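*Asks:* have a look; sequence and predicted model below, questions after that.
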Amino acid sequence: MSGTTSEYLDIDAPAFERVRGLLRTKAGIELADNRQSLVVARLMRRVKSLGFTTFDPYLDLVERDECESGQFVNALTTNVTDFFRERHHFELLEGIARQAKRNEPFTVWSSACSSGQEPWSIAMTLDSTTGAPPTWKVLATDIDADVLARAQEGVYSVDQTKAVGAELQANCFSHDRTREFLRIRNELRSKVFFAQLNLLGAWPMKGLFDVIFCRNVLIYFSPENRVKTVRRLAGLLKPGGVLMLGHSEAVLGTQTELVSIGKTAFQRASGVRPS
């Protein structure tokens, strides 16, 4: 370990490689070999708060303590999201919901929900779609327990909700006393369920989904894990179900039995269960 000061902790090559290995093992994330400064920026405060003056003893703790392992992954996970991000996906969701059988529950999985803007956007879309099945629910999962808690709280600043639009704001949110923050209304909250989940770990859900959102997370996986995860996701789609991917991940859909039906959207053919 190179020299440190009271304000800054440096990270040497072996410690950085340990970080990369731990992140790969625990979250499936491939950290580029030029991200030393990111690691220091994200972890330094945590390392120092625990009384360590170098990274190695902290990484020893991460290896043996499951709780600290979670904090480690949370700190290094990038969570960038917004309401109705990539709006074409929500327009497609609206059309799928209109065509769905009204006598069957309509289910959607937001598989990397971050701070909640994606699953709440899904819920608002389904709630406002005329002709959608009356019974629907959204499962929202993420590996990061901290952002998952914020997502479940469903409270956002007025600036954060600008992309929602005035009509949906009025129908789906309630203001706090200061009118600086908005909270998702209880009617929607009762239909969105949150759970911590590692996409490279076990998936406890048994039912199939009409639509799965998995956007802008697979880019952090190894090529092998990207393809493997897309195939697992496809296997949880109902016949005719649709998988939404991020722009940089769209090619992954072509490596499965899924059929492209538009911009970064892929459909499971009826009667075919993807491998």
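*Replies:* Okay, I see it.
*Asks:* which residues of the stretch 1-150 of the chain score low on pLDDT?
*Replies:* For the stretch 1-150 of the chain, applying pLDDT under 70 flags the ranges 1-8, 78-80.
*Asks:* show me the helices in it, by range?
*Replies:* Taking DSSP state H, counting those that start in this stretch, the helices of the stretch 1-150 of the chain run over residues 13-27, 36-49, 55-64, 66-76, 87-99, 117-128, 145-153.
*Asks:* of all the ones you listed, which one is nearest Arg226?
*Replies:* Among the helices of the stretch 1-150 of the chain, helix 13-27 comes nearest to Arg226, with 13.3 Å by C-beta to C-beta. In short, each C-beta sits where N, CA and C put it, glycine included.
*Asks:* contacting residues around the closest one?
*Replies:* With contact meaning C-beta atoms under 8 Å, 6 or more residues apart in numbering, helix 13-27 is reached by 1, 11, 29-31, 33, 36, 39, 43, 54-56, 59, 62-63, 69, 72-73, 76-77, 143, 198, 200, 220, 222.
*Asks:* need the buried ones from those selected in ChimeraX.
*Replies:* Applying 16 or more other C-beta atoms under 10 Å to those, the buried members can be selected in ChimeraX as follows:
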select :11,29,30,31,36,39,43,54,55,59,62,69,72,73,76,77,143,200,220
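*Asks:* from one end of stretch 239-258 to the other, what's the distance?
*Replies:* This stretch, stretch 239-258, spans 11 Å end to end (C-alpha to C-alpha, to the nearest Å).
*Asks:* just give me the neighbour total for Thr135.
*Replies:* 12 (other C-beta atoms under 10 Å).
*Asks:* ok, the nearest residue to Pro134 once chain neighbours are set aside - contacts?
*Replies:* Leaving aside its chain neighbours, Pro134 sits nearest to Arg102 (6.7 Å; criterion: C-beta to C-beta, 6 or more residues apart in numbering). When the contact criterion is C-beta under 8 Å, 6+ apart, the partners of Arg102 are Gly131, Pro133, Pro134.
*Asks:* for Arg102, phi and psi?
*Replies:* Here is the backbone geometry of Arg102 (degrees, to the nearest 10): phi -70, psi -20.
*Asks:* what's the answer for Leu236, then?
*Replies:* When quoted as degrees, to the nearest 10, the phi and psi of Leu236 stand at phi -100, psi 10.
*Asks:* correct me if wrong: it contacts Trp109.
*Replies:* Yes. Counting by C-beta atoms under 8 Å, Leu236 touches Trp109, with 7.3 Å between them.
*Asks:* any shared contact partners between these two?
*Replies:* Shared contacts of Leu236 and Trp109, defined by C-beta under 8 Å, 6+ apart, are found at Met205, Phe209, Ile212.
*Asks:* retrieve the pLDDT associated with the last one.
*Replies:* Reading off the confidence values, Ile212 has pLDDT 98.
*Asks:* residue numbering should commence at 52 henceforth.
*Replies:* Sure, I'll start numbering at 52, so the last one becomes Ile263.
*Asks:* run a quick neighbour tally on it.
*Replies:* Around Ile263 there are 25 other residues, counting by other C-beta under 10 Å.
*Asks:* same check on the second one?
*Replies:* Taking other C-beta under 10 Å as the criterion, the count of residues near Phe260 is 21.
*Asks:* related to what we said a few turns ago, ok, the shared contacts of Leu287 and Trp160 vs Arg149, which is closest?
*Replies:* Checking the shared contacts of Leu287 and Trp160 against Arg149 by C-beta to C-beta gives Phe260 as the nearest, at 17.2 Å.
*Asks:* from Phe134, how far out is the closest residue to Gly167 other than its chain neighbours?
*Replies:* Leaving aside its chain neighbours, Gly167 sits nearest to Ala202 (2.8 Å; criterion: C-beta to C-beta, 6+ apart). From Ala202 over to Phe134 the distance is 12 Å, taken as C-beta to C-beta, to the nearest Å.
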